[in-house]
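Undergrad: Show me the folded form of this:
(chains A and B)
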Amino acid sequence: MIEVQHLTKRYGRFTAVDDVSFRVERGEILGFLGPNGAGKTTTMRILTGYMPATEGKAIVAGFDVFDQPIEAKRRTGYLPETPPLYHDMTVQDYLTFVAKIKGVPSNERSQRIRAIMAKTRIDDVASKLCARLSKGYKQRVGLAQALIHNPDVLILDEPTAGLDPKQIIETRQLIKDLAGDHTIILSTHILPEVSQTCQRVVIISKGHVVAVDTPDNLTARLRGSETLYLQVDAVGTDAVGTLERIAGVTRVVEADRRDSIIGYEVESEQGRDIRRELSRAVVTNGWGLLELRPMRMSLEEIFLSLTTEDAAQVQAAEETAHA
Amino acid sequence: MRNVLAIAQKEIKSYFSSPIAYIVIGLFALFYGYFYAVYLQVFLRDSMSMGQMGMNQQAMNVNQQMLRPVLQNVTVLLLFVLPAITMRTYAEERRSGTIELMLTSPVSDVEIVLGKFLGALALYAVMMSVTLVHNGVLFIYGHPEWKPILTSYLGLMLLGGSFLSVGLFISTLTTNQIVAYIATFSTFLLLWVISWIGSFSTGMFTDVTAYLSIIEHFDDFTKGVIDTTHVIYYLSMITFGLFLTARSVDTERWRG
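TA: From the prediction side, this is the model:
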């Protein structure tokens, strides 16, 4: 549905987006993850036809955004970082205007506007001026605007930024409901959002794509060895030794201790599940088992490791270039 | 064309939901009324003195001796009023981010430019329609010729259109409305006085500066003359202004 090939955007000597390529299949939600200034917004602006790329190609809904911009735009809905509202217009008037310029036929217009207002739950502010709306409503009117012409592709730039927790959950649910009918790209720097809403993630840093994968695979890929966290009570002496003797355990580290309660990080061989053996050992030794859980690298950690790794590589490359 | 009208309609709506339309029309009506009243007094005094001197009162021409000077003053008024109409068109869209909506919608740059131009022109026409009241009164109490009045309106629309298209272009260059107003006003003034520099000599330079001056082309319309030279001048001015506007929006995209 969306195909991006070797996209590059330079502003003078500054390269905002550098050789970015990825694909999004029909009905998929793709998360665009990166720190501020990574090139997320620039990539989205190129995809929506707001600005041309310096190099590369982008095909949206079967149309090249440079060669057939009108056709591509007809099939794209875009919510920029700040919702593009005319502050002196009412919500109803605003959506009517957007429906007109997005090419919604006049006989379907009022019905379409009503349906979208119900979907994004903004019907109660239909006759209010956009300037008077709260941040949450502005964001939802922005979303309604992007959806009004029932586009194949939805591009959302930080759709949950500035919303309260309840609104964030509602917006995420709305986005999930929209997938299937629409292909969605959403950008964010909030990581849980990606694991909760997206099927695939593109991690971008300093204009480069550093990873493209599903949230689960990303987590798995970066997990070198399996680590379990074990918290026990009333252990005797040499608990570490006892644990290390269990088959498959490679390393045991005492992580924390409070009175008689001790927490251990137990590393095992890759791909070997030692939870049964571990719990049996605890029970046979008469310790109290308080907690046993796998320690997975959170998306935050993955993100940081990927982006800092990348920064280190870039720095190294620059140093070689200068030398 | 449907998109052009949709955008023009939105522009008009937004003029009238902000104070701008009311201030512009109000001030224009006030000053037009003032000029009209003053020149009417002058005209009455002159025609009475001619009557006392035994000359034929019919020799006085209300079109030439009253409406023409009024219109010349109106053109000065336009210098101040029209930049207020165009100053926000693009500047405001860029400041509030709605330009992203415009440029990512399935409409061409030319359609956006034309829509905005028509919107501004419509507000200008509404403003000018105030003068229909005064001229209507003339027809009730006197016998002015309607043809020079008609050509005057044509001239006013062409002159105003030229100003508006240039103002639209300047509005694309800034996000600050005050900067847009001042720059537009200065440009209008320059287009107005450019012929002065050539008035001390003769030859090519004088001809060129006189041709460029936006006001030199207006006078014939008030006399009831439609000269294609002038019509072409104004139409090219409008086209040039709109062309620059479209180009400016396009380069804006490349610069990002």
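
Undergrad: For residue A:21, give me phi and psi.
TA: Note on residue A:21: backbone dihedrals following degrees, to the nearest 10 are phi -130, psi 140.

Undergrad: Chain B versus the closest residue to it other than its chain neighbours, what's the distance?
TA: Leaving aside its sequence neighbours, residue A:21 sits nearest to residue A:5 (CB to CB, 6 or more residues apart in numbering or on different chains; 5.3 Å). C-betas here are computed from N, CA, C, even on glycine. From residue A:5 across to chain B, the span is 20 Å (CB to the nearest CB, to the nearest Å).

Undergrad: State the three-state secondary structure for residue A:5.
TA: When classified by DSSP: H, G, I helix; E, B strand; the rest coil, residue A:5 comes out as strand.

Undergrad: What about it, how many residues nearby?
TA: Using other CB atoms under 10 Å in any protein chain shown, residue A:5 is surrounded by 14 other residues.

Undergrad: which residues does it form a beta bridge with?
TA: Applying DSSP bridges to residue A:5 yields these beta-bridge partners: residue A:57.

Undergrad: What distance do you get for it to residue A:61?
TA: Distance of residue A:5 to residue A:61, computed by CB to CB, to the nearest Å: 16 Å.

Undergrad: Chain A: helices as residue ranges?
TA: A:40-47, A:69-74, A:91-101, A:106-119, A:135-147, A:165-178, A:191-197, A:215-221, A:239-244, A:275-284, A:299-322 (DSSP state H).

Undergrad: Would you mark the buried spots in stretch B:19-29?
TA: By neighbour count on 16 or more other CB atoms under 10 Å in any protein chain shown, the buried set for stretch B:19-29 is B:20-21, B:24-25, B:28.

Undergrad: again but with stretch B:60-67, I slipped
TA: For stretch B:60-67, by 16+ other CB under 10 Å, it's B:60, B:62-63, B:66-67.

Undergrad: Any idea how far apart the tips of it sit?
TA: 12 Å (CA to CA, to the nearest Å).

Undergrad: about what we covered before: next, format the helices of chain A as CSV and append mean neighbour count, distance to chain B and mean pLDDT.
TA: Below are those laid out as CSV (neighbours: other CB atoms under 10 Å in any protein chain shown; distance: least, CB to the nearest CB, whole Å; pLDDT from 0 to 100):
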stretch, mean neighbour count, distance to chain B, mean pLDDT
helix A:40-47, 24, 7, 91
helix A:69-74, 20, 4, 92
helix A:91-101, 22, 4, 94
helix A:106-119, 15, 9, 92
helix A:135-147, 24, 7, 91
helix A:165-178, 16, 18, 86
helix A:191-197, 19, 22, 78
helix A:215-221, 16, 28, 71
helix A:239-244, 16, 58, 82
helix A:275-284, 14, 51, 85
helix A:299-322, 13, 22, 62
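
Undergrad: and of those, who's closest to residue B:36?
TA: Comparison of the helices of chain A against residue B:36 by CB to CB identifies helix A:91-101 as nearest, at 36.8 Å.

Undergrad: What is that closest one packed up against?
TA: With contacts defined as 3 or more CB pairs under 8 Å, 6 or more residues apart in numbering or on different chains; DSSP states H and E, helix A:91-101 has these neighbours: helix A:106-119, helix A:135-147, helix B:2-16.

Undergrad: could you dump those helices to CSV with distance to residue B:242?
TA: Formatted as CSV, the helices and strands packed on helix A:91-101 follow (distance: least, CB to CB, whole Å):
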stretch, distance to residue B:242
helix A:106-119, 27
helix A:135-147, 27
helix B:2-16, 12
